[in-house]
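1. take this sequence and fold it.
(chains A and B)
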Amino acid sequence: MTRHYLYSTAIALVVATPALAVEPAQVLETYADIAAAGYEDSLITAKRLQEAVNDLVSEPSAENLTAARAAWLAARVPYQQTEVFRFGNPIVDDWEGKVNAWPLDEGLIDYVDTTYGGPSDENEFAALNVIANPAFTLSGKEIDASTITPELLEETLHEADGVEANVATGYHAIEFLLWGQDLNGHGAGAGARPWTDYAAGETCTNDNCDRRGEYLTAATDLLVSDLEHMAAQWAEGGAARNAVASDADTGIAAILTGMGSLSYGETAGERMRLGVMLNDPEEEHSCFADNTHNDHYYNGIGIQNVYLGKYTRVDGALVTGPSLADLVAEADTALDVEMQSKLGAAVMALGRIKIAAESGFAYDQMLERGNEAGEALIMGGVNGLIDQTRSIERVVTALGVDQISIEGSDSLDDPDAVFQ
Amino acid sequence: MKHRFLACALCLMPFTAQAQASIEDILRDHIMLRFETLAATSEALAQTASDDCEPGSEALKSVYADAFDAWVSASHLRFGPTEVEDRAFALAFWPDSRGATPRALATLLAEEDPIANAPDSYRDVSIAARGFYALEFLLYDETLTNAGNPAYHCTLIQTVTSDIASTSTSILKDWQNGYADQMLNPGPDAPYRTDEEVVQEMLKALSTGLQFTSDTRLGRPLGTFDRPRPARAEAYRSGRSASHVLLSLEALRDLAARLATGNADLAETLDAQFADAEEKLTALNDPVFASVADPQSRLKVEVVQQAVDKIRETVTQELGPTLGVAAGFNALDGD
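-> This next block holds a predicted model:
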């Protein structure tokens, strides 16, 4: 009985709105749902990382280091898919530097190889090594680092001296503490930090194992609390969710801004093309863990997620609802087809990098001078991302003309007004 | 802040085209002219270096200045032929926040890497060791002017200049042999589908150029009040920092005037705003922005930056809607 009743209600709804129009508000709800699920998944996996880190620090062993590394890699999968929320949403963008800042001068944190060099013109503190130094002077101030706390990392060390490369917190600081420097240059292989860097007593290698454990614990705790904060922003009643829901035009613009900026300036430009052009293995996004292929791939998936209105959670559940794709298809079917095919092509191109990397052709090797196959793989991803940006710009135009009305500006609502 | 700004730019974007600007005029008198000058001055630079590769040579420094000027005057035109094979990056890799240029050059000089023996193979070298900014280190940096074997140093200068000339020529050829025509003839299967997309590309060049001059050319040395960064000024070793700001403003002023031809009031506003920014810059009389470190005089550099930002605002809020397009995405959108 119940089923029949629901069925007829559905029919009635269809009849009442024969155009089957997708409302921007529904699209924005799906968008916020995907963000909420993505940050919650990032939090869930960060808590698993936290457990693994606690195990490593309390009972240092090769197995526990391996388990912590595996937990870090898993945690990156949902997080990288959330990066598409960054550029369009100031609440995310203002916060993001705490959790995913890159590139970093890792000598700030811990010991580095002699080839790393010392303080540079750009960064006096590039080789500070907080783990080895319980007290130091920073911009004329005496700093007491005898206990390494989340507050010390967040308030004093992160972006110390106003230098962005002084990254003291977030995924990449933790990555460095789990893997260590990748000293293989353009060769295959990631950082090879020994588990004994966390061992007690005489087994401890590279000194200050207790302080190293303290740093790793503090940084991981901070990551968890930062992700808790962001997950709350997207939950029902959260500020980020309310911001996109408050105005349909700016909400849709936020989706497209995030897609376009992550595709073009950030992933294609800053993270991928620059590395190829500089032939520099340090230009890998996850250079310690050699996980860069996944960073890029899941960025691509994240962009596709928000367009299609579909996100696969870490427990396998699918978050889905009315999508931007539906909205675009109503305005211009051909453009939706174009957009979907560009997004698919970019994900495939990024997938080729992942396939090659996982079969043994490391991202460092792809970056090597004269490595044509590597350059072609990476540039395939870059070109896919640039190409889809053109279509995103067309979507902006199409939705603007047919769907988005701008309030409160004569020069915009009435283009002729500016000539009067 | 800039992201909020962009989000807003997106909502302004979509309106019926009012494109009054003449695409043909801009192509001929703004774009092609600049790439012709870049190709000619780069060729002269390579020629001079082939006879005279002394880092201290005044003749060499003089042709270097001409070619670098030509690049800066074209540096906002980052689309199409400049983006093929990383050409623009190969001419101009800056800012270099991790010191890749001096590091790459020092390695080449120390190892006497044979890859510098020929311009053809040099194309495979890191962009950090190519182009005008790398050449500045070889001609002006205290350490790198004298580093390595003098014969190799000479070869390196000759190779870098030939590489600059060949890159500049390739850009010009692509403009002449197709790209300009493609911009003149938009269509369903062309890179630009409509005139509006062409105008949008040009508007994007204007707004991105202004953003780069404000955020990077002025913003990097300014740093913050507590931590000014004079050593981050562009090309300060050769004393060119302020002149780059002026050259870019002059080029962008020309482009803005051409884009605003359909609206006399707006054209006048823009021209006055550019004149204001240029006057404030000239009044500074500080070729390398050394004054950013002094709390009193740094204000004057901030005032120049504010004047450039005022132009940006006019471009986004008035010129864009007038043309019926908005700036779209650019390469500076990342962080």
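2. pLDDT weak spots in the chain?
-> Unless you meant another one, I'm taking chain A. Where chain A drops to pLDDT under 70, the residues are A:1-20, A:401-420.
3. wrong one, chain B
-> Checking chain B against pLDDT under 70 turns up B:1-20, B:327-328, B:331-335.
4. which residue ranges make up each domain of it?
-> B:23-184, B:193-328 (automatic domain parsing).
5. first-to-last residue distance for the longest one?
-> As for domain B:23-184, its first-to-last residue distance stands at 7 Å under the measure Cα to Cα, to the nearest Å.
6. quick check, distance from that domain to the centre of its chain.
-> 12 Å (Cα atoms, centre = their mean, to the nearest Å).
7. tally up the residues packed near the residue of the stretch 301-420 of chain A found nearest chain B, please.
-> Nearest residue of the stretch 301-420 of chain A to chain B, counting by Cβ to the nearest Cβ: residue A:400, 2.3 Å away. Where C-beta positions appear, they are placed from N, C-alpha and C, glycine not excepted. When neighbours are counted by other Cβ atoms under 10 Å in any protein chain shown, residue A:400 registers 23.
8. then residue B:276?
-> Around residue B:276 there are 16 residues (other Cβ under 10 Å).
9. quickly find the element holding it.
-> helix B:264-284 (DSSP states H and E).
10. quick check: which helices or strands does that helix pack against?
-> Applying 3 or more Cβ pairs under 8 Å, 6 or more residues apart in numbering or on different chains; DSSP states H and E, one finds that helix B:264-284 contacts helix B:241-259, helix B:295-314.
11. dump that helix to CSV, restricted to CA.
-> The C-alpha coordinates for helix B:264-284 follow below in CSV (Å, rounded to 0.1, in the frame of the first residue of the first chain):
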residue,chain,number,x,y,z
ALA,B,264,34.6,57.0,-24.5
ASP,B,265,33.9,57.6,-20.8
LEU,B,266,35.4,54.3,-19.7
ALA,B,267,38.4,54.8,-22.0
GLU,B,268,39.0,58.1,-20.4
THR,B,269,38.7,56.7,-16.8
LEU,B,270,41.1,53.9,-17.6
ASP,B,271,43.6,56.2,-19.3
ALA,B,272,43.6,58.6,-16.3
GLN,B,273,44.1,55.7,-13.9
PHE,B,274,47.0,54.3,-15.8
ALA,B,275,48.5,57.8,-16.0
ASP,B,276,48.1,58.1,-12.3
ALA,B,277,49.9,54.8,-11.6
GLU,B,278,52.7,55.6,-14.0
GLU,B,279,53.2,59.1,-12.4
LYS,B,280,53.3,57.6,-8.9
LEU,B,281,55.9,55.0,-10.0
THR,B,282,58.1,57.6,-11.7
ALA,B,283,57.9,59.9,-8.6
LEU,B,284,59.3,57.0,-6.5
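12. would you indicate which residues of stretch A:257-267 are buried?
-> A:257-267 (16 or more other Cβ atoms under 10 Å in any protein chain shown).
13. please apply the same query to stretch A:240-256.
-> A:240-241, A:243-244, A:248-256.
14. of these, closest to chain B?
-> When these are compared against chain B (criterion: Cβ to the nearest Cβ), the nearest one is residue A:253, at 4.1 Å.
15. rewinding a little: out of the buried residues of stretch A:240-256, which are close to chain B?
-> Subset of those in contact with chain B: A:249-250, A:253-254, A:256, counting by Cβ under 8 Å from any Cβ of the partner chain.
16. tabulate those residues (JSON lines), appending secondary structure.
-> Listed next are those as JSON lines, based on DSSP: H, G, I helix; E, B strand; the rest coil:
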{"residue": "A:249", "secondary structure": "helix"}
{"residue": "A:250", "secondary structure": "helix"}
{"residue": "A:253", "secondary structure": "helix"}
{"residue": "A:254", "secondary structure": "helix"}
{"residue": "A:256", "secondary structure": "helix"}
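17. where along the stretch 1-150 of chain A do the helices fall?
-> Counting by DSSP state H, counting those that start in this stretch, residue ranges of the helices within the stretch 1-150 of chain A are A:2-16, A:24-58, A:62-82, A:90-100, A:150-151.
18. for those helices, which one sits closest to chain B?
-> helix A:90-100 (5.2 Å).
19. dump the closest one to CSV, restricted to CA.
-> Below are the C-alpha coordinates for helix A:90-100, written out as CSV (Å, rounded to 0.1, in the frame of the first residue of the first chain):
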residue,chain,number,x,y,z
PRO,A,90,36.6,31.4,1.3
ILE,A,91,35.9,29.4,4.5
VAL,A,92,37.9,26.5,3.0
ASP,A,93,40.6,28.6,1.3
ASP,A,94,41.5,30.5,4.4
TRP,A,95,41.8,27.3,6.3
GLU,A,96,43.5,25.0,3.7
GLY,A,97,47.1,26.2,4.3
LYS,A,98,47.0,24.6,7.8
VAL,A,99,46.4,21.1,6.4
ASN,A,100,47.8,20.9,2.9
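20. which residues touch that helix?
-> Helix A:90-100 has contacts (Cβ atoms under 8 Å, 6 or more residues apart in numbering or on different chains) with A:79, A:82-83, A:85-87, A:154, A:158-159, A:164, A:169-172, A:222-223, A:226-227, A:229-230, A:233, A:239-240, A:243, B:3-4, B:335.
21. can you check stretch B:129-141 too?
-> Contact with stretch B:129-141 is made by B:55, B:60-61, B:64, B:67-68, B:71, B:89-94, B:96, B:101-102, B:104-105, B:108, B:122, B:128, B:144-145, B:153, B:156-157, B:160-161, B:163-164, B:167, B:235, B:237-238, as judged by Cβ under 8 Å, 6+ apart.
22. and the strands in the stretch 101-250 of chain A?
-> A:135-138, A:141-144 (DSSP state E, counting those that start in this stretch).
23. check the stretch 101-250 of chain B too.
-> Using DSSP E, counting those that start in this stretch, strands in the stretch 101-250 of chain B do not occur.
24. residue numbers of it in contact with chain A?
-> B:124-128, B:193, B:196, B:200, B:223-224, B:226-227, B:231-232.
25. so which of these are in helices?
-> Using DSSP state H, B:196, B:200 are the members of these that sit in helices.
26. can you pick the most crowded of the residues of the stretch 101-250 of chain B next to chain A?
-> residue B:127 (27 neighbours).
27. enumerate every residue touching that residue.
-> Residue B:127 touches A:277-278, B:86, B:89-90, B:93, counting by Cβ under 8 Å, 6+ apart.
28. I'd like to know how far residue A:294 sits from residue A:94.
-> 26 Å (Cβ to Cβ, to the nearest Å).
29. cheers, nothing more for now.
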